[in-house]
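Asker: I need the structure of the sequence given here:
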Amino acid sequence: KKLRNSGELLSISAHTAHENDHFEYELGDEEKIIHKPRLDGPRGLVIAAYAVAKTKDGGIYREVMSVDEIEKIRNVSRAKDSGPWSQWYEEMARKTVLRRLMKRLPSSADLDSLVEADNETYDLKQAVAPAAAPVSPMEVLRAKIGIEVPPQEPMDTDAPAES
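Answerer: Below you'll find the model as predicted:
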């Protein structure tokens, strides 16, 4: 909201592209994103998220992130396996790509402090170790699209070990 109220933007949007959508992304002198969501059937798994912002001075800023890039960010979140990451993956993917795009947009001190406050949700200095290989089809699905799989009996790590 503060970004929109800064007066610098004409528009800003973020979307997720799915494996059954038509999605093209071109780099170079003439960057271009073409996304035609499938409306007549299942869209499939999320393959990318992107954001586009247009500024008053005519600038167009684009950011595209693959699921692997989004997962790297998710893995340093303190709530990576709960809350919004497990229940609203697409929303978090859009938020993640918007946050990355915001780093390149015209800014103000007020906006910078808002981004800094949101950064406290993430441990960005933590090294990201590769995720362990999934062991079941449900784990593969969870790793691919971020759906929470009901856990087995939770372990009480504070309880003394049984003899």
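Asker: All the strands of the protein, in order from the start?
Answerer: Using DSSP state E, the strands found in the chain span residues 9-18, 22-26, 32-36, 46-55, 60-66.
Asker: Packed most tightly, which of those strands would that be?
Answerer: Comparing these by mean neighbour count (mean count of other C-beta atoms under 10 Å), strand 46-55 ranks first with a mean of 20. Bear in mind the C-beta positions are built from the backbone N, C-alpha and C, glycine included.
Asker: hang on, the earlier thing: for Met92, find the nearest of the strands of the chain.
Answerer: strand 46-55 (9.1 Å; C-beta to C-beta).
Asker: The closest one pairs with which strands?
Answerer: Paired strands of strand 46-55, with direction, are strand 9-18 (antiparallel), strand 60-66 (antiparallel) (DSSP bridges).
Asker: What are the buried residues along the longest helix belonging to the chain?
Answerer: Criterion DSSP state H: the longest helix present in the chain is helix 89-102. Residues 89, 92-102 are the ones in helix 89-102 that count as buried (16 or more other C-beta atoms under 10 Å).
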